[in-house]
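# One predicted model, sequence on top.
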Amino acid sequence: MVKVADMGVVVGSGLFAYAMRVGQPALPEAPRYTYALLAAAALTLLVFGRLSLYRQGPHVAPTMVAGRVLTGWAIVLSMLMSIGFLSATGAGFSRLWFLYWAGCGGAGLLCVRSAMKGALAWLHGHDIGRRRIALLGPPDCSDMLVKRIQRQPCPGIELLQVPLDLALGSTAGLSSWLEDRHVGEVWVTWPMREEARLRHSIAQLDACCVEACWIPDLFAFRPGQSCLEEMSGPPMVALSVRPLTGLSRALKEATDRVLASIIVVASAPLMLALAAGVKLSGPGPVLFRQTRQGWDGRPFELWKFRSMQVHDAATAASQTSRGDQRVTRFGAFLRRTSLDELPQFLNVLQGHMAIVGPRPHALAHNAHYQELVPNYLQRQRVKPGITGWAQVNGLRGETDTVEKMHRRVQHDLAYIQHWSLWLDLSIIAQTCVIVLFDRDAY
């Protein structure tokens with residue numbers, strides 16, 4: 001949202017400056033003005049991103065934000081002037097227009113952030129969009145941190161102290177405590193002298209599906225009181241951050257919904273025929289439904305065409321193996337061609353899944369492997385997918401050893417870390433090739 005507003009301000013202020021220059025509302029006749037505005041909008045996103053203006057927490061002081069905004073805007077204008085000088089096109093622009101644009105653009109960018117801050121304050125005042133942050137560490141360090149944050153009040157966050165016995169205890173206990181309180185972010189406050197406990201907390205959080213930061217105990221040094229006072233929020237070291245935020249998340253969501261809609265409509269006759277085939281293949285429902293964990297560990301009901309005989313809950317959790325006697329003859333065809341996955345595009349339209357992402361495992365498998373595979377639950381930091389980077393790299397089917405699951409998780413985490421729209425499209429294309437030509441599925 002902020003990125004779109006910034007682009008609108010840059011272009012809008014340029015048009016407003018042009019109207020001021022000519023003395024009446026008018027669009028620039030020369031296309032070079034339009035090109036300059038579009039280039040400035042793109043450069044603004046690039047420069048502001050490098051200055052971390054799109055990833056700042058609520059604790060950052062308004063004066064610090066304003067300074068970075070004006071610095072970034074000055075860099076953008078300097079880059080444009082350099083381009084104009086090197087390309088010998090700068091003489092074609094009105095200097096008065098450029099000055100008007102510089103002033104209006106800077107003021108507009110500051111107003112955008114002020115308006116956003118006011119809107120967020122109103123929403124947070126009505127308990128909308130508040131962030132629950134847990135403090136993991138010794139109570140004295142956490143109390144010192146709370147007092148420091150209270151100097152710059154932020155209604156958008158609610159701080160909770162993790163009990164010391166949980167901080168020093170098992171990962172399962174901490175994970176359950178965080179889930180019960182719907183905590184999505186953790187600040188680790190162990191001082192550097194407590195290295196063993198700090199490492200223990202980091203290891204705990206690696207197995208939890210939360211965003212995490214470490215607050216170094218720079219309070220202990222206090223080399224200059226004035227230096228600390230100039231910083232509104234505490235210095236942080238990011239341990240894990242949201243892999244998809246803002247525009248990237250919206251782009252992936254939109255792409256998934258559009259493609260899923262097209263596929264569902266186009267394959268509707270095929271799905272009806274497959275449903276009839278499943279029904280004729282034996283007694284039982286057409287769809288196999290099972291609760292899985294999605295984004296942030298939230299439960300959802302996954303749908304597939306039933307490819308196996310109806311069985312009890314005890315055998316439902318066991319993985320399908322090659323030559324599995326539970327698979328029906330028609331089900332074997334569905335699994336070999338991956339057509340049993342088609343109903344999951346409805347899961348995508350519901351918002352529970354993505355087309356590309358880590359495959360959702362059965363709850364029993366999650367409970368088993370999260371204790372054996374490092375960073376296993378980090379897979380849940382994005383929506384689960386119908387296909388994924390692991391699947392197109394040969395890591396399909398049964399994971400009957402910890403080593404196989406470890407390799408799959410490593411591929412899933414690599415996908416999350418390096419996500420791009422082009423990577424998604426590449427995985428979709430590779431999946432289509434595998435479905436058409438690979439007959440090793442079972």
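Yes, it's here.

# Poorly predicted segments of this structure, please.
Within the chain, the stretches with pLDDT under 70 are 24-27, 29-30, 56-61, 124-129, 151-156, 217-238, 240-242, 245-247, 311-324, 439-442.

# List of residues touching stretch 174-185?
131-134, 136, 160, 162-163, 166-167, 186, 204, 207-208, 210-213, 296-297, 377 (CB atoms under 8 Å, 6 or more residues apart in numbering). Heads up, the C-betas are built off the backbone N, CA and C, glycines and all.

# and what of stretch 375-382?
Residues from elsewhere that reach stretch 375-382, judged by CB under 8 Å, 6+ apart: 175, 206-209, 240, 242-244, 293-297, 354, 357-358, 366, 369-370, 405, 409, 412-413, 416, 419.

# and with 7 Å instead?
206-209, 243-244, 293, 295-297, 357-358, 369-370, 409, 412-413, 416 (CB atoms under 7 Å, 6 or more residues apart in numbering).

# Restricted to helices, list the contacts of stretch 174-185.
Among these, the members falling in helices are Leu166, Ala167, Gln204 (criterion: DSSP state H).

# Taking the residues you listed, please make a ChimeraX selection of just the buried ones.
Only the buried entries of the ones in helices among the contacts of stretch 174-185 go into this ChimeraX selection, using 16 or more other CB atoms under 10 Å:
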select :166,167,204
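
# right, and out of the ones in helices among the contacts of stretch 174-185, which lies closest to Phe16?
Gln204 (52.5 Å; CB to CB).

# And for Asn366, the neighbour number?
17 (other CB atoms under 10 Å).

# thinking again about what came up before, buried only: go through the contacts of stretch 375-382 for me.
206-209, 243-244, 293, 295, 297, 357-358, 369-370, 409, 412-413, 416.

# Go through the contacts of stretch 375-382 and flag which are in strands.
Gln293 (DSSP state E).

# Now do the helix or strand harbouring Leu43: which elements does it pack against?
Taking DSSP states H and E as the criterion, Leu43 maps to helix 31-50. Applying 3 or more CB pairs under 7 Å, 6 or more residues apart in numbering; DSSP states H and E, one finds that helix 31-50 contacts helix 2-22, helix 62-86.

# Which positions in it come out as buried?
Those would be Tyr33, Ala36, Leu37, Ala40, Ala41, Leu43, Thr44, Leu45, Val47, Phe48, for helix 31-50 by 16+ other CB under 10 Å.

# If you drop the residues flanking it in sequence, what lies closest to the fourth one?
Spelled out, it's Ala40. Val10 (5.1 Å; CB to CB, 6 or more residues apart in numbering).

# so what's Leu110 up against?
Neighbours of Leu110 in contact, by CB under 7 Å, 6+ apart: Ala66, Val69.

# circling back to that earlier point, determine which stretch of the helices and strands packed on helix 31-50 is the most buried.
Counting by mean count of other CB atoms under 10 Å, helix 2-22 has the highest mean neighbour count of the helices and strands packed on helix 31-50, with a mean of 18.

# Quick check: which helices or strands does that helix pack against?
Here helix 2-22 touches helix 31-50, helix 95-125, going by 3+ CB pairs under 7 Å, 6+ apart.

# quick one: terminal-to-terminal distance for stretch 53-72?
One end of stretch 53-72 sits 9 Å from the other (CA to CA, to the nearest Å).

# my read is Leu372 is in a strand, agree?
No: secondary structure assignment (DSSP: H, G, I helix; E, B strand; the rest coil) places Leu372 in coil, not in a strand.

# Looks like it contacts Lys404 (just checking).
No: the criterion here is CB atoms under 7 Å, and Leu372 misses it with Lys404 at 11.6 Å.

# Between these two, tell me which one has more neighbours.
Lys404 (13 against 10).

# residue contacts, that one?
Neighbour list for Lys404: empty [criterion: CB under 7 Å, 6+ apart].

# try it again with 8 Å
Leu395, Glu398.

# Surely Lys117 is in contact with Cys111?
No: applying CB atoms under 8 Å as the test, Lys117 and Cys111 come out as separate, 10.6 Å apart.

# any idea how far stretch 190-204 is from the chain center?
Taking the mean of its C-alpha atoms, stretch 190-204 sits 26 Å from the chain's own mean (CA atoms, centre = their mean, to the nearest Å).

# who touches it?
136-138, 141, 167-168, 171, 174-175, 188, 212, 214, 216-217, 220, 239.

# So which residue is smack in the middle of this structure?
Central residue of the chain (CA atoms, centre = their mean): Leu244, 2.2 Å from the mean position.

# give the contact list for the residue nearest to Ala40.
By CB under 8 Å, 6+ apart, the neighbours of Val10 are Leu37, Ala40, Ala41, Thr44, Val76, Gly105, Gly108, Leu109.

# how does it look with 10 Å?
37-45, 73, 76, 101, 104-105, 108-109 (CB atoms under 10 Å, 6 or more residues apart in numbering).

# Next: Val373.
By CB under 10 Å, 6+ apart, the neighbours of Val373 are Ala207, Arg379, Thr399, Val402, Glu403, Met405, His406, Arg407, Arg408, Val409, Gln410.

# and those, which are buried?
Ala207, Arg379, Thr399, Met405, His406, Arg407, Arg408, Val409, Gln410.

# From these, pick the one nearest Thr387.
Distances from Thr387 to these, taken by CB to CB, are shortest for Arg408, at 12.8 Å.

# which residue ranges form the strands in the stretch 101-250 of the chain?
Residue ranges of the strands in the stretch 101-250 of the chain, as given by DSSP state E, counting those that start in this stretch, are 131-136, 157-161, 185-188, 211-214, 237-240.

# would you turn those into TSV with distance to Ala254?
Formatted as TSV, the strands of the stretch 101-250 of the chain follow (distance: least, CB to CB, whole Å):
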stretch	distance to Ala254
strand 131-136	25
strand 157-161	29
strand 185-188	26
strand 211-214	23
strand 237-240	25
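
# Leu53 is nearest to which of those?
Of all these, strand 237-240 comes closest under CB to CB, at 16.0 Å.

# Throw the helices and strands packed on helix 2-22 into JSON lines and include distance to Ala260, thanks.
Converted to JSON lines, these look like this (distance: least, CB to CB, whole Å):
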{"stretch": "helix 31-50", "distance to Ala260": "28"}
{"stretch": "helix 95-125", "distance to Ala260": "30"}
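
# mind checking which of those is nearest Val392?
helix 31-50 (29.5 Å).

# surely Val162 meets Val186?
Yes: Val162 lies in contact with Val186 (CB atoms under 10 Å); the separation is 7.8 Å.

# intersection of neighbour lists for these two?
With CB under 10 Å, 6+ apart, Val162 and Val186 have common neighbours Ala134, Leu135, Leu136, Gly137, Leu174, Leu178, Ser201, Gln204.

# ok, of these, which one's closest to Ser261?
Looking across these and measuring by CB to CB, the closest to Ser261 is Leu178, at 35.1 Å.
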